[in-house]
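Chemist: sequence? don't have it. structure:
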């Protein structure tokens with residue numbers, strides 16, 4: 001039991017490290033891309049098109065990854081997708097106008113900002129002391 005728990009923790013830490021590596025390397029790659037092509041919408045658009053083509057090509061090759069597209073299934077994702085694209089554009093624009101360190105610092109502040117927005121606009125309570133220490137520590 002203890003060995004399984006330890007193995008589970010190690011596996012989670014490995015996946016966290018892999019995610020962090022991918023995320024930070026994509027930040028640097030995106031900075032290089034917008035430095036080479038100073039059009040954030042083109043860079044973001046190319047990434048989004050590439051991401052959409054992979055499952056479509058898999059579907060064409062016989063791997064069932066996408067179900068039937070209906071208005072009922074697609075409509076709820078329109079707002080989310082639009083917000084995601086806007087966030088992606090803002091991130092690319094920030095990378096174009098500032099350095100990677102400033103973007104990382106801004107990203108680190110987002111959980112604190114979200115907590116304030118949730119308190120003010122959604123009527124949620126403030127994070128408890130332990131969570132607040134965690135939020136302001138960075």
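Modeler: That came through fine. Everything numeric in this text was worked out from a predicted model, so none of it was measured.

Chemist: what's the distance between residue 126 and residue 39?
Modeler: Computed with Cβ to Cβ, to the nearest Å, the distance linking residue 126 and residue 39 is 41 Å. For the C-beta atoms, the positions are set from N, CA and C on the backbone; glycine is no exception.

Chemist: which one is residue 135 nearest to, not counting chain neighbours?
Modeler: Nearest residue to residue 135 in three dimensions, chain neighbours excluded: residue 112, at 4.8 Å (Cβ to Cβ, 6 or more residues apart in numbering).

Chemist: can you count the residues close to that neighbour?
Modeler: By the criterion of other Cβ atoms under 10 Å, residue 112 has 15 neighbours.

Chemist: Can you tell me the element it falls in?
Modeler: Per DSSP states H and E: residue 112 is located in helix 100-122.

Chemist: Check which helices and strands that helix sits against.
Modeler: helix 2-36, helix 71-97, helix 129-137 (3 or more Cβ pairs under 8 Å, 6 or more residues apart in numbering; DSSP states H and E).

Chemist: Outline the domain layout of this protein.
Modeler: Per the record, the chain has its domains at 2-97, 98-138, by automatic domain parsing.

Chemist: Make JSON lines out of those and add mean pLDDT.
Modeler: Below are the domains of the chain laid out as JSON lines (pLDDT from 0 to 100):
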{"stretch": "domain 2-97", "mean pLDDT": "85"}
{"stretch": "domain 98-138", "mean pLDDT": "84"}
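
Chemist: will you turn the helices and strands packed on helix 100-122 into JSON lines that also has distance to residue 104 and mean neighbour count?
Modeler: What follows is the helices and strands packed on helix 100-122, written out as JSON lines (distance: least, Cβ to Cβ, whole Å; neighbours: other Cβ atoms under 10 Å):
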{"stretch": "helix 2-36", "distance to residue 104": "7", "mean neighbour count": "11"}
{"stretch": "helix 71-97", "distance to residue 104": "10", "mean neighbour count": "12"}
{"stretch": "helix 129-137", "distance to residue 104": "15", "mean neighbour count": "11"}
